[in-house]
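Trainee: output the structure for:
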Amino acid sequence: MEKLSAKVQSADWKNEKHAPVIECPDKVKADEFFDVKVSLGKAVAHPNTTEHHIRWIMLYFQPEGEKFTCHVSTFEFAAHGESTKGANEGPVYTNHQAVSSMKTTAPGTLLALSYCNIHGLWESAKEIALA
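Mentor: Down below sits the predicted model:
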């Protein structure tokens, strides 16, 4: 039986438009809020059309030395130009980027998972240290 983890792809976001980009400080103060921006297409633009788009991005945090991963945020992007007039004729498009504010008392790894309606699941990671 094939596992979902076998379907998750990863690559350097500088070369792959599907890999999520995680932007935040490398070091944060313990128990103080900081912003985390997650997006796609920073270096290589990703389409945002009815036919080809990013549906969602999820953000997780894996505290160093802990067994379980913490779910931080889920961002859904639901408007891609759909319309009763036809594909890409609608007045609204969402952009596949979002900001979440979080705090942690432990160093660890931020993990982003995104879903492209054509190319599937993609992941990226960023280490976070405590200042």
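
Trainee: what comes up buried for stretch 106-125?
Mentor: 107-108, 110-116, 121-124 (16 or more other CB atoms under 10 Å). (C-beta placed from N, C-alpha, C; glycine too.)

Trainee: H46: which of the residues you listed is nearest?
Mentor: Taking CB to CB as the measure, H46 lies nearest C116 of the buried residues of stretch 106-125, at 7.4 Å.

Trainee: surely that closest one touches H53?
Mentor: Yes - if you go by CB atoms under 8 Å, C116 and H53 touch, sitting 7.3 Å apart.

Trainee: partners of the lowest-mean-pLDDT helix or strand in the chain in the sheet?
Mentor: Least confident element among the helices and strands of the chain, by mean pLDDT, DSSP states H and E: strand 9-10 (a mean of 94). Neighbouring strands of strand 9-10 in its sheet, by DSSP bridges, are strand 120-130 (parallel).

Trainee: any idea how far the strand it pairs with is from the chain center?
Mentor: Computed by CA atoms, centre = their mean, to the nearest Å, the chain-centroid distance of strand 120-130 equals 8 Å.

Trainee: which other residues reach it?
Mentor: The contact list for strand 120-130 (CB atoms under 8 Å, 6 or more residues apart in numbering) reads 4, 7-11, 13, 16, 18-22, 24-30, 61, 104, 106-116.

Trainee: show me those that map onto strands.
Mentor: Counting by DSSP state E, the contacts of strand 120-130 place 9-10, 21-22, 27-28, 61, 108-116 in strands.

Trainee: against F77, how distant is the residue of the chain most remote from its centre?
Mentor: What lies farthest from the middle of the chain is K85; by CA atoms, centre = their mean that is 30.7 Å. Counting by CB to CB, to the nearest Å, the separation of K85 from F77 is 21 Å.

Trainee: quick revisit: most widely separated two among the ones in strands among the contacts of strand 120-130?
Mentor: Largest pairwise distance in those, by CB to CB, is 31.5 Å, between K27 and C116.

Trainee: so what's the gap between stretch 36-46 and the chain middle?
Mentor: Worked out by CA atoms, centre = their mean, stretch 36-46 lies 9 Å from the chain centre.

Trainee: for it, give me every contacting residue.
Mentor: 13-24, 53-54, 57, 59, 72-73, 75, 96-102, 110, 112, 114, 116.

Trainee: I appreciate the help and will end here.
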